[in-house]
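Participant: following is a predicted model, sequence given first.
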Amino acid sequence: MLHGYRGLESFSFFFSAEYAQTFLQKRYEKLGCPSPEQRSYENCYPFLYYLEHGNVYYTQAARAPIILQPILLFYGLVHLAKACILTEDPFYPETTAVLAHGVSSRKRKKQQFQFFQDEVKFQKNGLFPHLSDKLFHMKQDEGDKTSMEALLRMIPELETLFWQLEGQTNFMPLPEKDGGCFVSQKALDFYHMTESRFREYFLAQSGISLEEMKNGMARLSETPNPYIPGQQTFLKFDYYQKRFVMPLKKSHRSQFPELMAHYLLLYNLSMIARYETEWWGEAVKMMPNRDYPFIQSFLKITQEKSPFLIFCHLTAGLK
């Protein structure tokens with residue numbers, strides 16, 4: 001699945017009302033939904049149109065100038081995310097409360113505003129908390145905040161840029177050998193833990209156990225997956241390098257889903273592109289600081305990575 005993904009083309013098998021209805025019915029039966037056949041018929045075309053519209057937004061974003069990309073990519077992700085929600089919530093949208101974005105940003109930016117320091121605040125209702133709950137079984141605290149820098153550090157494909165511009169790294173790769181993944185003994189130094197304590201921590205953070213260290217490496221008991229229903233993990237999949245990585249530091253957001261990080265970054269960038277046109281125009285044309293290379297790189301990454309993460313959710317459990 002990881003190596004067979006072919007971008008937006010991989011969604012093509014969903015574009016059959018007959019298949020989509022059967023697909024949703026099986027999902028609803030697993031959820032214990034009453035009248036799964038009826039619900040799947042009612043949700044079949046909304047599911048198809050969410051995927052189709054999302055596909056169109058991403059396709060247009062790839063052709064658009066960078067000043068428009070955040071808006072197109074955000075709404076592309078919103079539509080794909082709604083298709084995912086329909087696989088977990090047969091009655092979506094049950095109320096108008098779930099239709100809002102579910103997150104807010106500072107409308108007027110301060111002087112000398114820098115994107116890295118900007119923040120978004122989580123709201124009680126809306127797509128963001130609903131998506132977090134239905135896809136990842138995680139509750140977000142109303143009023144909680146996170147910075148753009150913290151979110152960018154959750155994107156493993158930005159690792160090279162962080163090293164080049166900041167002299168810092170955020171992740172440790174998990175080497176692959178003989179069909180398995182391994183963790184280097186160096187992780188014990190980064191986490192300041194004994195081997196036994198680290199093995200406990202790794203299991204709690206990933207749901208995967210570690211074998212004992214041999215020759216400076218510990219083998220994972222199973223191969224990680226970018227998305228496992230109902231399981232939270234601190235492991236991330238580097239889409240460019242085609243390998244899994246783990247964060248170098250402990251954090252209360254270590255298990256924060258990467259898809260949600262893409263959502264929050266695109267939300268804020270789309271708001272800036274729409275309402276902070278002077279700052280956005282200068283950032284794109286003048287490139288005054290580190291904001292631009294990180295924003296440009298992220299927009300390129302998310303065009304490919306966020307549909308991939310959606311695809312991993314939709315195909316989880318499929319044979």
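Facilitator: Good, I have the coordinates.
Participant: right, and Gln296 touches Ile66 too?
Facilitator: Yes - counting by CB atoms under 8 Å, Gln296 does reach Ile66; the two are 6.6 Å apart. Every residue, glycine included, has its C-beta placed from N, CA and C.
Participant: Thr87 versus Glu276, what's the distance?
Facilitator: 35 Å (CB to CB, to the nearest Å).
Participant: ugh, typo on my part, it should be Thr95
Facilitator: Separation of Thr95 from Thr87 (CB to CB): 19 Å.
Participant: which of these two has more neighbours?
Facilitator: Thr87 (23 against 9; other CB atoms under 10 Å).
Participant: host element of that one?
Facilitator: Here Thr87 is covered by helix 69-88, with elements defined by DSSP states H and E.
Participant: same question, Lys124
Facilitator: Using DSSP H and E, Lys124 falls outside every helix and strand.
Participant: what pLDDT is listed against the residue lying farthest from the centre of the chain?
Facilitator: Here the chain reaches farthest from its C-alpha mean at Asn215, the gap being 34.1 Å by CA atoms, centre = their mean. In this prediction, Asn215 carries a pLDDT score of 90.
Participant: same deal with Lys177?
Facilitator: Note on Lys177: pLDDT of 88.
Participant: could you do Leu158 as well?
Facilitator: 97.
Participant: give me the distance between it and Gln255.
Facilitator: Relative to Gln255, Leu158 is positioned 19 Å away (CB to CB).
Participant: Asn225 too?
Facilitator: 14 Å.
Participant: residues making contact with stretch 5-24?
Facilitator: Contacts of stretch 5-24 with the rest of the structure, by CB atoms under 8 Å, 6 or more residues apart in numbering, involve 4, 39-41, 43-45, 47-48, 51-52, 55, 58-59, 86-87, 90, 304, 307-308, 311, 314.
Participant: what subset of those residues is buried?
Facilitator: Neighbour counting by 16 or more other CB atoms under 10 Å classes 39-40, 43-44, 47-48, 51-52, 55, 58, 86-87, 90, 304, 307-308, 311, 314 among the contacts of stretch 5-24 as buried.
Participant: helix or strand for the nearest residue in space to Pro36 that is not next to it in sequence, which one?
Facilitator: Excluding its sequence neighbours, the residue lying closest to Pro36 (CB to CB, 6 or more residues apart in numbering) is Tyr28, at 3.6 Å. Tyr28 belongs to helix 17-31 when assigned by DSSP H and E.
Participant: then Thr160?
Facilitator: If you go by DSSP H and E, Thr160 is part of helix 159-166.
Participant: buried ones in that helix?
Facilitator: Glu159, Leu161, Phe162.
Participant: what's the neighbour count on the spatially closest residue to the second one that is not a sequence neighbour?
Facilitator: Right, the one you point to is Leu161. Closest residue to Leu161 apart from its sequence neighbours, by CB to CB, 6+ apart: Ser297 at 5.5 Å. Ser297 has 16 neighbouring residues, counting by other CB under 10 Å.
Participant: identify the residues contacting stretch 123-142?
Facilitator: So stretch 123-142 is contacted by 78, 81-82, 84-85, 88-89, 92, 97-104, 122, 230, 232, 255, 257, 259-260, 263-264, 267, 313 (CB under 8 Å, 6+ apart).
Participant: oh, that last question was meant for stretch 215-229, not what I typed.
Facilitator: Contacts of stretch 215-229 (CB under 8 Å, 6+ apart): 2, 174-175, 180-185, 195, 199, 206-212, 233, 235, 237, 244, 308-309, 312-313, 316-317.
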